[in-house]
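Trainee: Give me a model of this one.
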Amino acid sequence: MRSLLSAEAQSRFDERRGFLFCKTEACEVVYFGAQGSEQYLEADLTVSVFQKSNDPSCLVCYCFGHTVEAVREDAVRTGSSTIADDITEKCRQGLDRCEQENPQGSCCLGNVRQVAKTAIIEKGATPDMQEPGTEEAPACCCTREEKP
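Mentor: Numbers count the residues shown, from 1 in each chain. Got it, this is the predicted structure:
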């Protein structure tokens, strides 16, 4: 988390505190304190947050630089997601740095596959790809329902 914060936000950051990630698109909070009211907003980060952006040039894969637009184009062109396959292979090789690079602090493959699947469905085709795991609907940090 520290590596993604602006210099000003880093000056307020205390690693000993636990933080949770808010993936609610309409909420400007990205990280919130697990035991207090400390918050870090989108403006406190040095990168755009995929879950909070509608910009097609926003990264969805922070380790290897894949944008939402590139994933959509790949999925529509191939009917699958060769980008997801490429990321999977690079992860197998240990080339990923998800915990350091991705604001959500975990692997992007579920996000990449969802972007690809949505693009294929919007085109009117049936996705020819492995289904990502079922995820719970995101709860906003402001309601304190988000689980780590």
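Trainee: all contacts plus neighbour counts: C-alpha atoms, from now on.
Mentor: OK.
Trainee: okay, the nearest residue to Asn111 once chain neighbours are set aside: pLDDT?
Mentor: Sequence neighbours aside, Val60 is the residue nearest to Asn111 in space, at 6.8 Å (criterion: Cα to Cα, 6 or more residues apart in numbering). Val60 is assigned 97 on the pLDDT scale.
Trainee: now Arg92
Mentor: Taking Arg92 on its own, its pLDDT is 95.
Trainee: what does Glu131 give?
Mentor: 46.
Trainee: cool, and Ser3?
Mentor: Ser3 is given a pLDDT of 87.
Trainee: hey, where'd the strands end up in the protein?
Mentor: Ranges of strands in the chain, per DSSP state E, are 19-21, 29-33, 39-41, 59-61, 66-67.
Trainee: any residues touching stretch 100-108, and which ones?
Mentor: Residues from elsewhere that reach stretch 100-108 (Cα atoms under 8 Å, 6 or more residues apart in numbering): Met1, Ser3, Leu4, Phe21, Lys23, Val49, Val60, Cys61, Tyr62, Cys63, Cys98, Glu99.
Trainee: distance between it and the chain's centre?
Mentor: Chain-centre distance of stretch 100-108: 6 Å, with Cα atoms, centre = their mean, to the nearest Å.
Trainee: quick one: buried residues of that stretch?
Mentor: Across stretch 100-108, burial judged by 16 or more other Cα atoms under 10 Å covers Gln100, Glu101, Asn102, Pro103, Gln104, Cys107, Cys108.
Trainee: Identify, from the residues you listed, the entry nearest to Gly79.
Mentor: The nearest member of these to Gly79, counting by Cα to Cα, is Cys108 at 19.6 Å.
Trainee: how close does that closest one sit to Leu59?
Mentor: Computed as Cα to Cα, to the nearest Å, the Cys108 to Leu59 distance reads 10 Å.
Trainee: Ok, Thr78 next?
Mentor: On the measure of Cα to Cα, Thr78 and Leu59 end up 20 Å apart.
Trainee: In terms of neighbours, single out the busier of the two.
Mentor: More neighbours surround Leu59 than the other of Thr78 and Leu59, with 24 against 12 (other Cα atoms under 10 Å).
Trainee: Taking the buried residues of stretch 100-108 together, which two end up most distant?
Mentor: Gln100 and Cys108 (12.1 Å).
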